[in-house]
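Participant: Could you work out the structure for the sequence below:
(one chain, ligands or ions: 1)
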Amino acid sequence: MREDKPLFTPGPLTTSEGVKRAMLRDVGSRDSAFIDTIARIRTGLLELAGVSQADGWEAVLMQGSGTFGIEAVISSALPAEGALLVARNGAYGARIAAIAAVHGIEVVDVAGPENRPCDPAEIERALAASPHVTHVALVHCETTTGIFNPVAEVGAAARRHGARLILDSMSAFGSVELDLAACAVDFLVSSANKCIEGVPGFSFALARGDAIAESEGRARTFSLDLFAQWRGLERDGQFRFTPPTHAILAFEQALAELAAEGGVAGRGERYHRNRDRLVEGMRALGFREYLPDALQGHVITSFRYPEGDRFDFEEFYDRLNARGFVIYPGKVTDAECFRIGSIGRLFEADVDGLLAAIEAVLGEMELDLRATTEGVQ
Ligand SMILES: Cc1ncc(COP(=O)(O)O)c(C=O)c1O
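Facilitator: Model prediction:
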């Protein structure tokens, strides 16, 4: 029996008992066993991505949530005269542009609708029109809607124009296969508490060694200096500043549990099953997804508010919460939606529990959506 409510959100996410237990220790940051743990995690992350240090790839861990990792890469990788093309179709792409703006980095904004993947042809045209662009940023799974963007096509466009690709794979890495080299990714950023199912506390960048090397001296902040963090890790195996020791211990356990589940493929399958069960059940209750079937990813699903003005999301949320289930508000700008995640330590039985609670809450709110959406696709 789980003590806490299952989190059907984009994060923080539900973690396993084993991951939580791994944190019940106090270890020193200079302890050789802890330094070995960091080294194993760095190697393990590269292995998970199908690359290695021998092939010229590096893993850099950075304190803070995912946004800190994104900010570390953007503020460290772009040269003083660089420009960042941001391909965006949701809130997390917009956040990348906002981060660049804070650092005074020129942004070439390629904004598209939230219900369509970013368009590689449009990105290619923007790159041709702005030859001074040095880096392209793309969100792998735009968690605003759950849509997946075409990494390989955008990577190929960036490479043709001599720009480096920064991929925000926050909510996708660890649950979907991605060939970094073939997709021309230079920096991939993700965090501990997404598909790897560690606890929040640090993010990580997997990057080509030459891309890290060229960022020496470019950092616009002291603490988020990616090159300095990498150099510190290489020099003595340690973080530059107090590491999130408990989160690191939990992460090693999370990596072991990921391997036991069949690695990226096994984890992705469970998330797909969660998503399938969720969408089927929500449709049966009369809800409709924001994205068309073909574009719906396995990480998170945005559901439209039911038609009419009788649906009060706050009340719906609170009633579900009282029954022990946590869902998430929407982020889509042009439609009223809420979101339900399929990631974290959740299984189909948890989804069934959520669906039963939603059915009961709809009854309490005297909403019978099946009557209004009969036959709607
Ligand atoms: C695609 C994407 N990018 C960035 C972030 C920001 O991560 P954090 O909230 O850990 O800072 C998230 C969080 O869900 C995300 O889904």
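Participant: Would you mind naming what in this structure lies close to the ligand?
Facilitator: Proximity of the chain to the ligand, by CB under 6 Å from any ligand atom, involves residues 10-11, 65-67, 92, 139, 143, 168, 170-171, 191. Placement of C-beta: from N, CA and C, glycine included.
Participant: What ranges does the stretch 1-150 of the chain have for its helices?
Facilitator: Counting by DSSP state H, counting those that start in this stretch, the segments of the stretch 1-150 of the chain that form helices are 17-21, 32-48, 66-77, 91-102, 120-129.
Participant: of all those, which gets the most neighbours per residue?
Facilitator: Comparing those by mean neighbour count (mean count of other CB atoms under 10 Å), helix 66-77 ranks first with a mean of 25.
Participant: starting at the chain centroid, how far to it?
Facilitator: Centre-to-centre, helix 66-77 and its host chain are 14 Å apart (CA atoms, centre = their mean, to the nearest Å).
Participant: That one packs against which elements?
Facilitator: strand 57-63, helix 91-102, strand 164-168, strand 187-191, strand 202-208, helix 226-236 (3 or more CB pairs under 8 Å, 6 or more residues apart in numbering; DSSP states H and E).
Participant: then the fourth one to CSV, C-alphas only?
Facilitator: What follows is strand 187-191, C-alpha atoms only, in CSV (Å, rounded to 0.1, in the frame of the first residue of the first chain):
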residue,chain,number,x,y,z
PHE,A,187,23.6,18.8,-26.1
LEU,A,188,20.8,16.7,-24.6
VAL,A,189,19.4,18.0,-21.3
SER,A,190,17.2,16.0,-18.9
SER,A,191,16.6,15.7,-15.2
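Participant: Parallel or antiparallel, which strands does that strand pair with?
Facilitator: Next to strand 187-191 in the sheet, as set by DSSP bridges, lie strand 164-168 (parallel), strand 202-208 (antiparallel).
Participant: can you list the residues that contact the last one?
Facilitator: What it means is strand 202-208. The contact list for strand 202-208, computed with CB atoms under 8 Å, 6 or more residues apart in numbering, reads 45-46, 49, 51, 56-70, 72-73, 180, 186-192, 226, 243-244, 247-248, 251.
Participant: Using neighbour counts, pick out the buried residues of the next helix or strand after that strand.
Facilitator: Heading C-terminal from strand 202-208, the first helix or strand you meet, by DSSP states H and E, is helix 209-213. Counting neighbours by 16 or more other CB atoms under 10 Å, one finds that the buried residues in helix 209-213 are 211-212.
Participant: tell me the mean pLDDT over helix 209-213?
Facilitator: Taken as a whole, helix 209-213 has a mean pLDDT of 98.
Participant: Just the CA trace of it, in PDB.
Facilitator: What follows is helix 209-213, C-alpha atoms only, in PDB (Å, rounded to 0.1, in the frame of the first residue of the first chain):
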ATOM      1  CA  GLY A 209      33.100  16.600 -25.900                       C
ATOM      2  CA  ASP A 210      34.100  19.200 -28.600                       C
ATOM      3  CA  ALA A 211      30.900  21.200 -27.800                       C
ATOM      4  CA  ILE A 212      31.800  21.300 -24.100                       C
ATOM      5  CA  ALA A 213      35.400  22.200 -24.900                       C
END
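Participant: Touching, residue 145 and residue 93? I think so.
Facilitator: No: look at residue 145 against residue 93 with CB atoms under 8 Å: they stay out of range, at 11.2 Å.
Participant: related to what we said a few turns ago, let's have the helices of the stretch 1-150 of the chain in TSV, adding distance to residue 203 and mean pLDDT.
Facilitator: TSV is the format used below for the helices of the stretch 1-150 of the chain (distance: least, CB to CB, whole Å; pLDDT from 0 to 100):
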stretch	distance to residue 203	mean pLDDT
helix 17-21	17	98
helix 32-48	11	98
helix 66-77	3	98
helix 91-102	13	98
helix 120-129	25	98
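Participant: still on that earlier bit, go ahead and build a PyMOL selection from the buried members of the contacts of strand 202-208.
Facilitator: To isolate the buried members of the contacts of strand 202-208 in PyMOL, using 16+ other CB under 10 Å:
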select buried, resi 45+46+49+51+57+58+59+60+61+62+63+64+65+66+67+68+69+70+72+73+180+186+187+188+189+190+191+192+226+243+244+247+248+251
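Participant: rewinding a little: any chance of JSON lines for the helices and strands packed on helix 66-77, columns distance to residue 82?
Facilitator: JSON lines is the format used below for these (distance: least, CB to CB, whole Å):
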{"stretch": "strand 57-63", "distance to residue 82": "19"}
{"stretch": "helix 91-102", "distance to residue 82": "10"}
{"stretch": "strand 164-168", "distance to residue 82": "10"}
{"stretch": "strand 187-191", "distance to residue 82": "13"}
{"stretch": "strand 202-208", "distance to residue 82": "16"}
{"stretch": "helix 226-236", "distance to residue 82": "14"}
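Participant: closest to residue 334 out of those?
Facilitator: helix 91-102 (12.3 Å; CB to CB).
Participant: could you give the angle of that closest one to strand 187-191?
Facilitator: Here helix 91-102 runs at an angle of 110 degrees relative to strand 187-191 (axes from the mean of the first three to the mean of the last three CA atoms, to 10 degrees).
Participant: what's in contact with helix 91-102?
Facilitator: Contacts for helix 91-102 (CB under 8 Å, 6+ apart): 67, 70-71, 74-75, 78, 84, 86-88, 106-107, 109, 111, 118, 137-139, 142-144, 166, 168, 170, 331.
Participant: now the residues you listed: which count as buried?
Facilitator: Buried, going by 16+ other CB under 10 Å: 67, 70-71, 74-75, 78, 84, 86-88, 106-107, 118, 137-139, 142-144, 166, 168, 170, 331, out of the contacts of helix 91-102.
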